[in-house]
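*Asks:* Predicted model follows, preceded by the sequence.
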Amino acid sequence: MIEHIDFEALSTIGLGEAMRAQLACGVADPQARPMRLVEVQREHLLLHDGRQTHRARCSTALQRDLQAQDEALAVGDWVLARADEPGGCCITCRLLPGRRIVRRTSGGRANDARGGIHRQVLVSNVDTALLVMGLDHDFQLRRLERYLALVRLAGVAAVLVLSKADTVTPELAARRLAEAGEVLPAGMPVLAMDVRQGSAATALAAWLQPGQTLVLLGSSGAGKSTLANSLTLAFSGQADRDTGAVRADDSRGRHTTTVRTLLPLPGGACVIDTPGLRALRLDVEDADQLADAFGDVARLAPMCRFRDCQHQQEPGCAVREAVDEPRLRNFHKLLREARRDSLTQLERREQLAQWKARGRAAQARVRGKRGDAA
Ligand SMILES: Nc1nc2c(ncn2[C@@H]2O[C@H](COP(=O)(O)OP(=O)(O)O)[C@@H](O)[C@H]2O)c(=O)[nH]1
Ligand SMILES: [Mg+2]
Ligand SMILES: [Zn+2]
């Protein structure tokens, strides 16, 4: 069935080597064609076959399979789809995904089989994450650390793009560049730029090779959609913003990104634009999993006096001695969040009772003091 696969068309929507090899081995449903999920909409899914987009639904069997694994289709997934109702498709199979960026959600009930912990795949089959952060008031190291941990957990390469370089003085830009450098893993590239300019594409050319998929992550207003637009314009040479990156028929308005959308760039790479994430909980259980994003903590920990040092109050803590306090606080915060998610319902109730008891004790102390003063 390989002869029916249009590899050339698929290469325009980010078909990489691994997925090409998977397809070349033969597909499970010979009546279906490989396509890429470019957007999850309320009523249906949007697929791209390399030439055009198709509305699609998920087959009941696939839906059931995915649900049983606490899985769902995500933007960037490669799927097999058959022609369905006129103009529509039915997805019958998902190809084994490569690197995925995952966050935790607490949508489920605490007493369900997974203790209320659910994972949401934000994007699938991504090669590089562009972490976009403004050099203006958007600049926030603690948020950057969170995004860094998110992508390093996924094993996805990251590039820090500091946008709005044109809105700050060169001195401030240089200072913030240096500050960001302090929290980045060694060797991670950083670029400062005005992302509205065509030169943004030149600066990012190394990551925009054909077959590559990039995802834009960062807070709302950071410049992600603007960058996506600049990349599309640079490659197509078209001055019309409505082609490609921003759809003319988008009733939501062009400046508010509300869903994740995969945009094929004319150069052969793809970029997934995302809305800012309000709740970004990491999918981790223990400190070891944060080692990649907090390399300094991981490196220093063996030098603490106690082998099980938590880097909190213990004497002889090498981490507390050397790591900036706000950074270490953030490390603890990310861990605490993850552990709170991992608590069973019973543990959560016990924790709540403890907090209440502590609150009552504190109130009693205050009342006692007032009594003394009177
Ligand atoms: N001056 C300047 N403005 C920018 C830059 N990047 C984004 N903006 C502006 O910031 C606003 C938010 O950008 P947008 O791309 O919608 O942010 P998003 O929420 O991350 O997608 C828009 O008005 C952009 O024109 C930049 O590098 N320089
Ligand atoms: Mg946007
Ligand atoms: Zn320690």
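*Replies:* Noted; the coordinates are in hand. Ligands and ions are numbered 1, 2, ... in the order given.

*Asks:* So which bits of stretch 155-166 are buried?
*Replies:* Val156, Ala157, Ala158, Val159, Leu160, Val161, Leu162, Ser163, Lys164, Ala165 (16 or more other Cβ atoms under 10 Å). Just so you know, the C-beta spots here come from the backbone N, C-alpha and C atoms, and that holds for glycine as well.

*Asks:* Check the separation of the first and last residues in it.
*Replies:* For stretch 155-166, the first-to-last residue distance is 32 Å (Cα to Cα, to the nearest Å).

*Asks:* before we move on, what about stretch 150-165?
*Replies:* Counting by Cα to Cα, you get 25 Å between the two ends of stretch 150-165.

*Asks:* right, is it up against ligand 1?
*Replies:* Yes. Applying Cβ under 6 Å from any ligand atom, one finds stretch 150-165 in contact with ligand 1 at Ser163, Lys164.

*Asks:* Is that stretch positioned near ligand 2?
*Replies:* No. Counting by Cβ under 5 Å from the ion, ligand 2 has no neighbours in stretch 150-165; the shortest distance is 11.7 Å.

*Asks:* Check for me that Leu262 belongs to a strand.
*Replies:* Yes. Applying DSSP: H, G, I helix; E, B strand; the rest coil, one finds Leu262 inside a strand.

*Asks:* Quick check: closest non-adjacent residue to it.
*Replies:* Counting by Cβ to Cβ, 6 or more residues apart in numbering, Val38 is the residue found nearest to Leu262 once chain neighbours are left out, at 4.1 Å.

*Asks:* Was I right to think that neighbour contacts Gly50?
*Replies:* No. Checked against Cβ atoms under 8 Å, the pair Val38 and Gly50 is beyond contact range at 11.1 Å.

*Asks:* More neighbours: which of the two?
*Replies:* Neighbour comparison, Val38 and Gly50: the larger count goes to Val38, with 22 against 19 (by other Cβ atoms under 10 Å).

*Asks:* mind listing what the more buried one touches?
*Replies:* Neighbouring residues of Val38 by Cβ atoms under 8 Å, 6 or more residues apart in numbering: Ile13, Leu46, Leu47, His48, Thr53, Val75, Thr261, Leu262, Leu263.

*Asks:* Could you rerun that using 6 Å?
*Replies:* Val38 makes contacts with Leu46, His48, Leu262, as judged by Cβ atoms under 6 Å, 6 or more residues apart in numbering.

*Asks:* Also Gly276?
*Replies:* With the criterion set at Cβ under 6 Å, 6+ apart, Gly276 makes contact with Ser219, Ser220.

*Asks:* neighbours around whatever residue of the stretch 101-250 of the chain ends up closest to ligand 2, how many?
*Replies:* Residue nearest to ligand 2 within the stretch 101-250 of the chain (Cβ to the ion): Ser225, separated by 3.3 Å. When neighbours are defined as other Cβ under 10 Å, Ser225 has 24 of them.

*Asks:* Isn't it up against Arg260?
*Replies:* No. Contact criterion Cβ atoms under 6 Å: Ser225 and Arg260 do not qualify, at 11.8 Å.

*Asks:* how about the residues of the stretch 201-350 of the chain near ligand 2?
*Replies:* Residues of the stretch 201-350 of the chain found near ligand 2 (Cβ under 5 Å from the ion) are Lys224, Ser225, Thr257.

*Asks:* Columns pLDDT and secondary structure on top of these, output as TSV?
*Replies:* Shown next, in TSV, are these (pLDDT from 0 to 100; DSSP: H, G, I helix; E, B strand; the rest coil):
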residue	pLDDT	secondary structure
Lys224	95	helix
Ser225	94	helix
Thr257	73	coil
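
*Asks:* Switch those residues over to a markdown table; also include distance to ligand 1.
*Replies:* Listed next are these as a markdown table, based on distance: Cβ to the nearest ligand atom, whole Å:
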| residue | distance to ligand 1 |
| --- | --- |
| Lys224 | 3 |
| Ser225 | 3 |
| Thr257 | 5 |
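
*Asks:* Endpoint to endpoint, stretch 76-89 covers what distance?
*Replies:* End-to-end distance (Cα to Cα), stretch 76-89: 17 Å.

*Asks:* Do me a favour and average the pLDDT over that stretch.
*Replies:* Taken as a whole, stretch 76-89 carries a mean pLDDT of 90.

*Asks:* Now do the buried residues in it.
*Replies:* Neighbour-count burial for stretch 76-89 [16+ other Cβ under 10 Å]: Gly76, Asp77, Trp78, Val79, Leu80, Ala81, Asp84, Cys89.

*Asks:* which of those residues lies closest to Gln209?
*Replies:* Gly76 (16.9 Å; Cβ to Cβ).

*Asks:* Using the three-state scheme, assign that closest one.
*Replies:* Gly76 ends up coil, using three-state DSSP.
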